[in-house]
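Novice: coords please:
(chains A, B, C and D)
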Number of protein chains: 2
Amino acid sequence: MRVLVVEDEVRLAENVRRGLSAEGFVVDVVHDGAEGLFNAEVNSYDVVVLDIMLPGLNGYEVCRRMRAAGVWTPVLMLTAKDGEYDQADAFDLGADDYLTKPFSFLVLVARLRALIRRGAPARPTVLAAGDLTLDPATRTVHRGGQEVTLTPREFGLLHFLLRHRGDVVSKTDILESVWDANYDGDENVVEVYVGYLRRKIDQPFGRHAIETVRGIGYRLAAGGG
Amino acid sequence: MRVLVVEDEVRLAENVRRGLSAEGFVVDVVHDGAEGLFNAEVNSYDVVVLDIMLPGLNGYEVCRRMRAAGVWTPVLMLTAKDGEYDQADAFDLGADDYLTKPFSFLVLVARLRALIRRGAPARPTVLAAGDLTLDPATRTVHRGGQEVTLTPREFGLLHFLLRHRGDVVSKTDILESVWDANYDGDENVVEVYVGYLRRKIDQPFGRHAIETVRGIGYRLAAGGG
DNA sequence: GGCGCTTCTCAGGTGCTTCTCAGCGAGGCG
DNA sequence: CGCCTCGCTGAGAAGCACCTGAGAAGCGCC
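Specialist: Numbers count the residues shown, from 1 in each chain, chains lettered A, B, ... in the order given. This is a model prediction of the structure:
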């Protein structure tokens, strides 16, 4: 059971770490939002404990971006009592549970166990653009109700484009996100894969979801082309 | 007033630190891009002074990632005179002002004060003049709600004109900013591109956003023509 | 090992973009 | 009014970005 704790108050974080370790959890602790987001995206945890008040990126923002990046690990938010934020907000932003500070450690453990038992939330997100849909959970893609089979790389590329639908993304951005941050091959590979995708999701349907923005990159039309 | 200075030339960095301290700023100095990015994200500064040439992560990249991470602290970029990069690039990447090395210390302080007074830019603004709008993020241009497609060079030119809307800018200014500081071709190329732009953003709409100021240069009407 | 699928590289072709050039028109000034 | 200068524009050349077919290399499965 891996837990990520994102909490900037060092003493509280340390207490939580010790307590959860004693309960048999494997615990990573980080102290700011950006690091938390990075860890949540890179590693796979069973649950994330996320403070709201954080330096840099606040907890809401971390949660929102995790979801936007397709990470559906259950999140338990820690809210301050003073009520600047309330639990409605937390749920709106994709948190799965919340706890008001100060909290009982036993309650925290019970809630975490419940979240883990429940598993990842019912991934609401089938990504869509017009009649083009992609379900990250089942790794399926449909165009106009008809299933399209993609290779892993093609799927990754389409996933990325859909998450940024409407925006122009550069080939460098794509390489860093879909390939690897320190991939050092030719950007031509992106062109090749855009070509593959077009042949599978555009050509057979007479559509043009993926536009080329010459000199800049590509854009997936928000309406599906 | 907290300032983060990201500058790898130790001597220059030290001078800036001393000078700014004497002016009453609280100054943090770091010497490479990664450290600068980390500090900018974790701490809250009133303004960041960012060199472009840095080991590791260059200044453009630092600025881009700051913005991507939701940090909108005003950034003043330091550019080298040789013009490998130009200020158009700096603005594209979310910088709020720039200074060419070598610079007068008094000018630096004045610019920093101006940036702090202005406060954090809410978000990168869509540039507008009347019903003409340009969004640097999505690289889209609209006239009266209708999208206009521009080539990269045309886009760069319009971007520059919009940033100086209401002012007369010389062809030399344009060449240095939109082309390259040491571009040595004919200024006629500017006339050609102004012509292209007029055909795309003025003629079809019966407008005259771009005026010629004979003997001086061009002016983009603040109201869009 | 052989086969098929996936990924990636390479090189040629194509069309857009950029830039140059030259001729024409308009503005400014004597 | 006439001349000179400045700016505008159409035509075309050169360069570059992108697309694509072919094929090699890698990987898993029988």
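Novice: need the next SSE after the worst-scoring helix or strand of chain A on mean pLDDT, C-terminal direction.
Specialist: In chain A, the helix or strand scored least confidently by mean pLDDT, DSSP states H and E is helix A:87-92, which has a mean of 47. Sequence order places strand A:97-100 as the next helix or strand after helix A:87-92, per DSSP states H and E.
Novice: so is stretch A:172-187 next to DNA strand C?
Specialist: Yes. Stretch A:172-187 comes into contact with DNA strand C (CB under 7 Å from any atom of the strand), by way of A:179, A:185-186. All C-beta spots, glycine's among them, are computed from the backbone N, C-alpha and C.
Novice: what segments of chain A are strands?
Specialist: Taking DSSP state E as the test, the strands found in chain A are A:2-6, A:26-30, A:47-51, A:75-79, A:97-100, A:127-129, A:132-135, A:140-143, A:146-148, A:168-170, A:210-213, A:217-220.
Novice: determine which of those approaches DNA strand D most closely.
Specialist: DNA strand D sits nearest to strand A:210-213 of all these, at 3.8 Å, using CB to the nearest atom of the strand.
Novice: for PyMOL, what selects the buried ones among the residues of stretch A:172-187 next to DNA strand C?
Specialist: The following PyMOL line selects those of those that are buried, judged by 16 or more other CB atoms under 10 Å in any protein chain shown:
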select buried, chain A and resi 179
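Novice: nearest to residue A:12 among the residues of stretch A:172-187 next to DNA strand C?
Specialist: Closest approach between these and residue A:12, by CB to CB: residue A:179, at 39.0 Å.
Novice: quick one: residue A:172 from residue B:54, how far?
Specialist: 18 Å (CB to CB, to the nearest Å).
Novice: those two - which one has more neighbours?
Specialist: Higher neighbour count among residue A:172 and residue B:54: residue B:54, with 23 against 11, using other CB atoms under 10 Å in any protein chain shown.
Novice: neighbours around the closest residue to the more buried one other than its chain neighbours, how many?
Specialist: In this structure, residue B:54 finds its nearest non-sequential neighbour in residue B:33, 4.3 Å apart by CB to CB, 6 or more residues apart in numbering or on different chains. Here the number of neighbours of residue B:33 (other CB under 10 Å) works out to 25.
Novice: so residue A:27 is in contact with residue A:6, correct?
Specialist: No. Applying CB atoms under 8 Å as the test, residue A:27 and residue A:6 come out as separate, 11.5 Å apart.
Novice: neighbour count winner among those two?
Specialist: Between residue A:27 and residue A:6, counted using other CB under 10 Å, the more crowded position is residue A:6 (30 against 19).
Novice: what residues are up against the more buried one?
Specialist: Counting by CB atoms under 8 Å, 6 or more residues apart in numbering or on different chains, residue A:6 touches A:29-33, A:35-36, A:48-51, A:54, A:59, A:62.
Novice: then residue A:3?
Specialist: A:20, A:25-28, A:45-49, A:112 are the contacts of residue A:3 under CB under 8 Å, 6+ apart.
Novice: picking up where we left off before, among the contacts of residue A:6, which one sits closest to residue A:157?
Specialist: Nearest to residue A:157 among these, with distances taken as CB to CB, is residue A:62, at 25.6 Å.
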